[in-house]
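J.: no letters, just coordinates:
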């Protein structure tokens with residue numbers, strides 16, 4: 001398992017959700033997580049559920065697809081309060097990952113956004129996250145939850161942006177095998193998968209990666225030859 005401590009804790013390895021999820025939840029003191037999902041989480045929900053510590057009571061809240069807006073944030077904050085959750089997991093694509101990062105500030109964050117003028121940008125340095133957030137992207141090419149800003153549509157349809165390093169999740173789990181079927185997943189975990197390192201650049205928070213690439217003639221998860229291509233979808 002590869003662990004990078006840079007900006008935040010980043011685990012990147014095949015099967016890392018199974019290997020590190022329980023450990024990270026314990027480290028963060030989370031005993032009842034609220035798991036936010038979007039359409040990109042399809043195929044990964046069961047794997048994440050199976051990786052939770054035995055007996056852990058987790059709440060699930062599907063967000064669907066589409067851009068993030070205040071109504072989505074308010075709905076997730078209500079579920080957070082109703083379930084008594086003490087932490088958040090964002091599973092899927094940008095909608096779930098960004099929602100988890102924002103909801104982590106607590107139920108006052110939606111009101112704070114409503115009070116901002118249209119197109120405003122608010123630094124998050126004066127906000128203190130109330131709940132730890134763990135991000136589990138299912139499609140790294142669609143975002144990892146490490147962008148320096150989150151755009152949210154207000155009730156007037158105009159966007160507001162929250163920025164700053166306080167938006168970073170407490171931990172990021174990048175598992176290239178997430179969502180794969182049993183045989184393919186087992187084969188990759190046996191040593192046929194991507195075992196690389198993820199680096200975040202200070203300038204522009206640009207994602208780069210260095211990975212062990214498959215040889216020519218092997219089949220990629222996308223169904224085509226994978227010569228020279230990173231299976232995690234992180235490399236150009």
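T.: Structure received. Bear in mind that the values here come from a model prediction, so they are computed numbers and not experimental data.
J.: OK, contacts around the residue nearest to the spatial centre of the chain?
T.: For the chain, residue 135 is the residue whose C-alpha lies nearest the centre (CA atoms, centre = their mean; 2.9 Å). Residues in contact with residue 135 (CB atoms under 8 Å, 6 or more residues apart in numbering) are 89, 90, 97, 100, 101, 144, 145, 146, 169, 171, 172, 173. Every residue, glycine included, has its C-beta placed from N, CA and C.
J.: let's see it at 10 Å
T.: The contact partners of residue 135, by CB atoms under 10 Å, 6 or more residues apart in numbering, come to 8, 10, 88-92, 96-98, 100-101, 143-146, 168-174.
J.: buried only: go through those for me.
T.: The neighbour count (16 or more other CB atoms under 10 Å) marks 8, 10, 88-92, 96-98, 100-101, 143-146, 168-174 as buried among the contacts of residue 135.
J.: please enumerate the helices of this protein.
T.: Assigned helices in the chain, in chain order: 16-28, 45-51, 70-83, 94-103, 109-114, 182-187 (criterion: DSSP state H).
J.: reformat those as CSV; add mean pLDDT and distance to residue 62.
T.: Below are those laid out as CSV (pLDDT from 0 to 100; distance: least, CB to CB, whole Å):
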stretch, mean pLDDT, distance to residue 62
helix 16-28, 96, 19
helix 45-51, 95, 9
helix 70-83, 94, 10
helix 94-103, 94, 9
helix 109-114, 75, 19
helix 182-187, 49, 23
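J.: which of those is buried the deepest?
T.: helix 94-103 (a mean of 28; mean count of other CB atoms under 10 Å).
J.: how far off centre is that one?
T.: Averaging C-alpha positions (CA atoms, centre = their mean, to the nearest Å) puts helix 94-103 8 Å from its chain's average.
J.: which strands or helices does that helix pack on?
T.: Helix 94-103 sits against strand 33-37, strand 59-62, helix 70-83, strand 87-92, helix 109-114, strand 133-137, strand 149-153, strand 159-163, with contacts defined as 3 or more CB pairs under 10 Å, 6 or more residues apart in numbering; DSSP states H and E.
J.: any chance of those in CSV, with distance to residue 3 too?
T.: Listed next are the helices and strands packed on helix 94-103 as CSV, based on distance: least, CB to CB, whole Å:
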stretch, distance to residue 3
strand 33-37, 20
strand 59-62, 27
helix 70-83, 28
strand 87-92, 18
helix 109-114, 30
strand 133-137, 14
strand 149-153, 25
strand 159-163, 27
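J.: list the residues that contact residue 169.
T.: By CB under 10 Å, 6+ apart, the neighbours of residue 169 are 7-10, 88-90, 97, 100-101, 104, 129, 132-136, 144-146.
J.: roughly how far apart are it and residue 158?
T.: 27 Å (CB to CB, to the nearest Å).
J.: what does residue 149 give?
T.: Going from residue 149 to residue 158 by CB to CB gives 16 Å.
J.: so which of these two has more stuff around it?
T.: Per other CB atoms under 10 Å, whichever of residue 149 and residue 158 has more neighbours is residue 149, with 15 against 12.
J.: wait, what's in contact with the more buried one?
T.: So residue 149 contacts 98, 121, 122, 123, 124, 161, 162, 163, 164, 167, 205 (CB under 10 Å, 6+ apart).
J.: where in this structure is pLDDT low?
T.: For the chain, residues meeting the criterion pLDDT under 70 lie at 1, 140-142, 180-236.
J.: just give the number of residues close to residue 56.
T.: Using other CB under 10 Å, residue 56 has 13 neighbouring residues.
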